[in-house]
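Trainee: Okay, here's the prediction I keep looking at, along with the sequence it came from:
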Amino acid sequence: MIPINLPEIGEEEVEAVVKVMRNGPLTNALGAGPKVTQFEKKFAEFAGVKHAIAVNTGTAALHSAIVAGGVKNGDEVILPSFTFVATAEAVVMAGGKPIFVDIDSETYHLSLDEIEKSVTKKTKAIVPVDLYGLSVDINPIREIAAEHGLAIVEDAAQAHGATYAGKPAGVFADAACWSLYASKNMTTGEGGVVTTDSDEMAETLRLIRTHGEKAKYASLMLGCNYRMSEIQAAIGLVQLEKLPSFVAKRRENAKRLAKLLSASDRLKLPEETEERQHSWYLYTVRLRDSTENERNKIVEELKKKAIGAEVYYINPVHLMPYYRETFGERKLTETEKAAKQVFSLPIHPGVTEAQVDYIGETLLDLL
């Protein structure tokens, strides 16, 4: 089976972990051990910002950033439903009310018109998602946020290597949240990072990460235990060095697959522009004018032929029982349509040219 994603772990990562285990420390009570501190410095440089705060999961990054962005009980937060549940989960954990809005049918990102329509006096923040690894069109969102005094917390969990206007994804938001889960473009097994240019937000994020403490046994605010371990950071330092080559291989595979699949007019292929360069976390196609059953049949047949095609966000968050029952029913036409028609194909660095050709030719034959 050609898996949809596969972490690229070499001897360098193994040696880095062993070195930490032999020499220590394994962690730091305030979340700022030597490896974590070094990783944060390198990640901030990669992200083009002043501060990077390393945490133990991407969900922890989202929750921390939403709290640091000022969201409190009863505040409304605008976000897509076509995303992983953690995006909404973090809003609820912060006491906020998720306001799910529809997506643009071409990019699968938040619709700007729908954002405008959804702003109320209770709105505190917008959480756009760089879905599949394509940066959102952030400048128009910034204009809306500035007009209404809203924070922008960008969910960049899939955007390692994506760019906007020649700069890293997330750089124009108040804070950007990155996942380092095993399937991502770079990994620490589990892990996350929040990046920001705000000194004040960075200070708050560091407090949230470690029980609200700046010094031991002196909590200044309500916090969590979101520390990244030294082992995770050691892996992250090696992976960060390898990230450019990982993204380059994904890009190469994406271009090769696109050339093959362009032969079919039944597929809407993912696109990027000169201003917005893709990280190619997932190569997601859309089966035009299809039913959910037709799409599912194609995915099932691909799996039978050892191609690990997957459908992400088959059940958008607003339709999940907890969110529907807690926050009410809402009709999101483009979101629900996309969820019935899209599917993703493997293009990670472990996929060879021959395998890319096999994936493309097999899908064309099925169509």
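Mentor: Alright, I've got the coordinates.

Trainee: Tell me how far whatever helix or strand Q355 lives in lies from the chain's centre.
Mentor: Secondary structure assigned from DSSP states H and E places Q355 in helix 353-366. Its chain's average C-alpha position is 27 Å from that of helix 353-366, according to C-alpha atoms, centre = their mean, to the nearest Å.

Trainee: Please apply the same query to stretch 126-141.
Mentor: On C-alpha atoms, centre = their mean, the centre of stretch 126-141 falls 10 Å from the chain's centre.

Trainee: what's the answer for stretch 340-359, then?
Mentor: 20 Å.

Trainee: for that stretch, which positions count as buried?
Mentor: By 16 or more other C-beta atoms under 10 Å, the buried positions in stretch 340-359 come out as 340-351, 355-356, 358-359. Backbone N, C-alpha and C define where each C-beta goes, glycine included.

Trainee: I103: which of these is nearest?
Mentor: V342 (11.1 Å; C-beta to C-beta).

Trainee: hey, what's that closest one bridged with?
Mentor: Beta-bridge pairing of V342 under DSSP bridges involves R286.

Trainee: does the closest residue in space to F82 that isn't next to it in sequence sit in a helix or strand, and which one?
Mentor: Leaving out its chain neighbours, the residue that sits closest to F82 by C-beta to C-beta, 6 or more residues apart in numbering is T335, at 4.7 Å. Remark: T335 resides in helix 333-341, with elements defined by DSSP H and E.

Trainee: to the chain's geometric centre, what's the distance from that helix?
Mentor: Relative to its chain's centre, helix 333-341 lies at 20 Å (C-alpha atoms, centre = their mean).

Trainee: now stretch 58-68
Mentor: 13 Å.

Trainee: now do stretch 175-191
Mentor: On C-alpha atoms, centre = their mean, the centre of stretch 175-191 falls 8 Å from the chain's centre.

Trainee: got the buried residues for that stretch?
Mentor: Within stretch 175-191, the residues that count as buried by 16+ other C-beta under 10 Å are 175-181, 184-191.

Trainee: swap in stretch 10-25?
Mentor: 13, 16-17, 20.

Trainee: and which of those is nearest V77?
Mentor: E13 (36.0 Å).

Trainee: Distance of the closest one relative to W280?
Mentor: Distance, E13 to W280, by C-beta to C-beta, to the nearest Å: 22 Å.

Trainee: and what of E40?
Mentor: Taken as C-beta to C-beta, the span from E40 to W280 is 25 Å.

Trainee: Which of the two has more residues huddled nearby?
Mentor: W280 (28 against 23; other C-beta atoms under 10 Å).

Trainee: For the closest residue in space to the more buried one that isn't next to it in sequence, grab the count of nearby residues.
Mentor: Take W280 and drop its neighbours on the chain: the residue closest to it by C-beta to C-beta, 6+ apart is R250, 3.8 Å away. When neighbours are defined as other C-beta under 10 Å, R250 has 23 of them.

Trainee: Just to be sure, R250 is in a helix?
Mentor: Yes: under DSSP: H, G, I helix; E, B strand; the rest coil, R250 sits within a helix.

Trainee: Tell me the spacing between it and V67.
Mentor: 33 Å.

Trainee: quick check: mean pLDDT across stretch 217-237?
Mentor: Averaging pLDDT along stretch 217-237 yields 97.

Trainee: and it, which residues are buried?
Mentor: By neighbour count with 16+ other C-beta under 10 Å, stretch 217-237 contains the buried residues 223-224, 226-237.

Trainee: ends of that stretch, how far apart?
Mentor: For stretch 217-237, the first and last residues are 30 Å from each other (C-alpha to C-alpha, to the nearest Å).

Trainee: And that stretch, how far out from the chain middle?
Mentor: On C-alpha atoms, centre = their mean, the centre of stretch 217-237 falls 20 Å from the chain's centre.
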